[in-house]
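Q: Coordinates for the following, if possible.
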Amino acid sequence: MARSSRISLPLSSLAILLAVAVAPRAAASGFQLRDQSGSGQGNAYAGASAGGADISSMFFNPAALIRYQGNQLQFGLTEILPSSKFSAGASSRSGSAVPVGGAASTGNVASSATLPTLYALWSLDQDLKLGISVNVPFGLTTQYDPTWAGRYQAVKSHLETLDITPTLAYRMDPKWSLGVALVARRAKAELSQAIDTGYVAQTALQAAHLVNPTNPGTGQPIVSPGPGTDGFVDVKGSSWAYGYKLGLIYEPSASLRLGFAYQSRIRETIKGTATFTVPSGALQAALPSLVAANPGALPGIIPSVFASLAQATTNGSASAVVDLPASLSLGMIYDVSSTFSLSAEIADTKWSSFKELRVKFSNQAAQPDQYTAENWKDALFVALGATCKPGDAWTYRVGVALDKTPVPDANRTPRIPDADRFWLSGGVGYQFTKAFGIDAGYSHLICKDSTVNLQGGSDPTNQAKFFGGNLSGTYKNSIDILALQARYTF
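A: Numbers count the residues shown, from 1 in each chain. Okay, the predicted model is just below:
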């Protein structure tokens with residue numbers, strides 16, 4: 001018989017609420033989404049911080065708005081089609097090294113996603129621009145079969161964010177322009193994973209120095225992992241948080257534009273609850289045999305062991321503070337001629353601020369702080385692009401980029417099996433009238449294979465790590481991205 005209850009978030013769940021979007025499912029390193037423009041997609045976002053091709057560049061540099069005239073509205077959709085397949089898997093329990101059953105390989109565990117973008121520009125005068133944008137800067141979803149070999153590490157991981165960003169740009173003189181933006185970010189997340197309840201109970205009995213008698217029918221300890229002892233937890237949480245962007249555009253000549261932008265880190269305070277389903281019937285049925293096998297035990301000690309396990313599912317609240325990273329970017333656009341331009345971009349995302357995720361519980365006496373070490377590193381994105389406008393209504397774009405992962409090999413997990421990736425991009429634009437045009441872009445991301453090699457260790461007090469167990473295997477990843485946007489000037 002299963003038991004369900006609403007409980008406060010344990011670290012093993014809440015700690016990944018902001019890190020659930022596995023990077024091979026995303027189109028930038030970590031769990032960042034760079035895909036914010038149909039025109040930018042065509043040249044791998046080279047030159048985005050220098051003003052790009054249209055007002056969508058305000059996402060990367062708020063000062064970019066100064067380059068555009070009139071009032072404009074822009075709407076886009078980006079379809080991300082990822083593939084991530086796990087193979088050669090090996091999983092075992094910490095301490096005992098007993099193999100964990102379940103599939104050692106998977107089909108595609110990455111879910112496709114459609115990202116909307118909305119941009120608007122109002123020209124207050126020639127030198128003062130007001131804009132607003134709506135974007136999804138972090139997110140996406142992975143889904144494993146709930147019986148796979150790594151189920152104690154991850155089953156479902158989902159993150160969605162929404163940024164609403166009012167923006168102001170001002171031209172200080174013919175060469176220098178300044179921009180500033182305020183960011184309001186909504187984050188929602190869901191996480192699920194299996195719980196090895198049989199092994200948790202078995203380990204607790206060992207820690208209490210109690211005899212765990214053998215089951216005559218199976219030859220295994222009466223309290224042990226096995227069919228019907230897996231539990232399950234589904235975690236949900238949400239938050240609002242706020243940040244800012246700053247940008248400069250420098251135009252030393254009519255043919256050269258340079259852009260520098262800073263996006264602040266945003267501190268998310270995630271609050272939420274979890275639903276646990278725990279198969280308690282097998283443990284309750286074992287109580288008489290355990291009492292009989294431990295005649296010298298103190299009265300009530302065996303029930304107290306099971307009661308202590310139940311305390312982990314006590315109703316309550318918890319919170320975790322997570323700093324989403326700041327970034328610095330530098331872009332360049334050089335007009336070789338009136339019909340051809342070259343562009344470049346370099347961005348440094350400060351993922352090194354992502355050192356740990358710590359959970360604080362409301363009931364500190366029963367549930368002290370827990371944490372998961374991340375220790376990510378800063379990650380570089382470098383892109384080169386070219387744009388050709390042959391003189392008619394068409395625009396043609398190409399680009400390449402190198403996107404480095406922030407995830408150290410030792411910290412790679414099934415939730416974040418991130419690896420370096422290389423972008424190949426191309427796109428077109430067509431201007432139907434002076435007021436209306438569209439842009440389309442396509443990118444294929446070649447991702448390095450990534451390996452997972454997690455060791456649960458030998459310390460049961462580090463529950464998130466120990467009961468997650470040992471897991472190794474290889475991910476083969478790739479991503480295709482299609483982007484389409486419409487532009488309207490009024």
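Q: So residue 302: helix, strand or coil?
A: helix (DSSP: H, G, I helix; E, B strand; the rest coil).
Q: Show me how far stretch 378-393 is from its chain's centre.
A: Between the centre of stretch 378-393 and the centre of its chain there are 26 Å (Cα atoms, centre = their mean, to the nearest Å).
Q: got the buried residues for that stretch?
A: Residues of stretch 378-393 classed as buried by neighbour count (16 or more other Cβ atoms under 10 Å): 378, 379, 381, 382, 383, 384, 385, 386, 387, 389. (Glycine included, C-beta is placed from N, CA and C.)
Q: For that stretch, what does the pLDDT average out to?
A: On average, the pLDDT along stretch 378-393 is 95.
Q: Same question for stretch 41-55.
A: So the average pLDDT for stretch 41-55 ends up being 97.
Q: Same check on stretch 481-488?
A: 97.
Q: quick one: stretch 388-406 to chain centroid distance?
A: Stretch 388-406 has its C-alpha centroid displaced from the chain centroid by 26 Å (Cα atoms, centre = their mean).
Q: now do stretch 285-300
A: Using Cα atoms, centre = their mean, the offset of stretch 285-300 from its chain centre is 46 Å.
Q: would you list every one of the helices in the stretch 101-250 of the chain?
A: Counting by DSSP state H, counting those that start in this stretch, the stretch 101-250 of the chain has these helices, from start to end: 197-207.
Q: how about the strands in it?
A: All strands of the stretch 101-250 of the chain, identified by DSSP state E, counting those that start in this stretch, fall at 113-125, 128-135, 139-143, 156-171, 176-196, 230-253.
Q: And these: which comes nearest residue 473?
A: strand 139-143 (14.5 Å; Cβ to Cβ).
Q: counting contacts, what elements does the closest one pack onto?
A: Strand 139-143 is packed against strand 72-92, strand 113-125, strand 156-171, with contacts defined by 3 or more Cβ pairs under 8 Å, 6 or more residues apart in numbering; DSSP states H and E.
Q: so which of the ones you listed comes closest to residue 64?
A: Comparing the helices and strands packed on strand 139-143 under Cβ to Cβ, the one sitting nearest is strand 156-171, at 7.3 Å.
Q: okay, stretch 461-480 in CSV with CA atoms only?
A: C-alpha atoms of stretch 461-480 as CSV (Å, rounded to 0.1, in the frame of the first residue of the first chain):
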residue,chain,number,x,y,z
THR,A,461,24.7,10.9,6.4
ASN,A,462,25.2,12.6,3.1
GLN,A,463,21.8,11.3,2.0
ALA,A,464,21.4,13.0,-1.4
LYS,A,465,24.7,11.6,-2.6
PHE,A,466,24.8,8.2,-0.8
PHE,A,467,21.2,7.1,-1.7
GLY,A,468,21.6,8.3,-5.2
GLY,A,469,24.1,5.5,-5.6
ASN,A,470,26.8,5.0,-8.2
LEU,A,471,26.1,5.7,-11.9
SER,A,472,28.3,5.8,-15.0
GLY,A,473,27.5,6.0,-18.7
THR,A,474,27.8,8.1,-21.9
TYR,A,475,25.5,10.6,-23.5
LYS,A,476,25.3,11.2,-27.2
ASN,A,477,23.8,14.7,-27.8
SER,A,478,22.8,16.9,-30.7
ILE,A,479,20.5,19.9,-31.2
ASP,A,480,18.6,21.4,-34.1
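Q: Pull out the buried residues from the helix ranked longest in the chain.
A: Longest helix of the chain, by residue count under DSSP state H: helix 281-293. Across helix 281-293, burial judged by 16+ other Cβ under 10 Å covers 282, 283, 286, 289, 290, 293.
Q: elements contacting it?
A: helix 197-207, helix 301-310.
Q: Now the element after the shortest one, going C-ward?
A: Okay, so that is helix 301-310. strand 318-324 (DSSP states H and E).
Q: for that next one, packing partners?
A: By 3+ Cβ pairs under 8 Å, 6+ apart, strand 318-324 packs against helix 11-14, strand 266-279, strand 356-361.
Q: Can you get me the centre-to-centre distance for it and its chain?
A: The answer for strand 318-324 is 14 Å, by Cα atoms, centre = their mean.
Q: Kindly report the same for stretch 458-469.
A: 24 Å.
Q: Stretch 99-115 too?
A: Centroid separation for stretch 99-115 versus its chain: 16 Å, with Cα atoms, centre = their mean.
Q: Stretch 301-313 too?
A: 35 Å.
Q: Which positions in it come out as buried?
A: Buried-residue list, stretch 301-313, by 16+ other Cβ under 10 Å: 302, 305, 306, 309, 312, 313.
Q: ok, of the residues you listed, which one's closest to residue 461?
A: residue 312 (13.0 Å).
Q: Need the contact partners of stretch 403-411.
A: Residues outside stretch 403-411 that contact it (Cβ atoms under 8 Å, 6 or more residues apart in numbering) are 23, 28-30, 349, 351-352, 354, 373-381, 416, 418-423, 445, 451, 453.
Q: cool, stretch 210-225 as well?
A: Contacts of stretch 210-225 (Cβ under 8 Å, 6+ apart): 93, 98, 196, 198-199, 201-202, 205-206, 226, 283, 286, 289-290, 292-294, 297, 301-302, 305.
Q: what do you get for stretch 252-261?
A: With Cβ under 8 Å, 6+ apart as the criterion, stretch 252-261 contacts 47, 49-51, 60-64, 67, 175, 245-251, 328-336.
Q: Which of those residues are buried, as a ChimeraX select command?
A: Buried members of the contacts of stretch 252-261, defined by 16+ other Cβ under 10 Å, are picked up in ChimeraX with:
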select :47,49,50,51,60,61,62,63,64,67,245,246,247,248,249,251,329,330,331,332,333,334,335
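Q: quick check, distance from the longest helix of the chain to the centre of its chain.
A: That offset, for helix 281-293, works out to 43 Å (Cα atoms, centre = their mean).
Q: what do you get for stretch 436-448?
A: That offset, for stretch 436-448, works out to 21 Å (Cα atoms, centre = their mean).
Q: Nice, that's everything, thank you.
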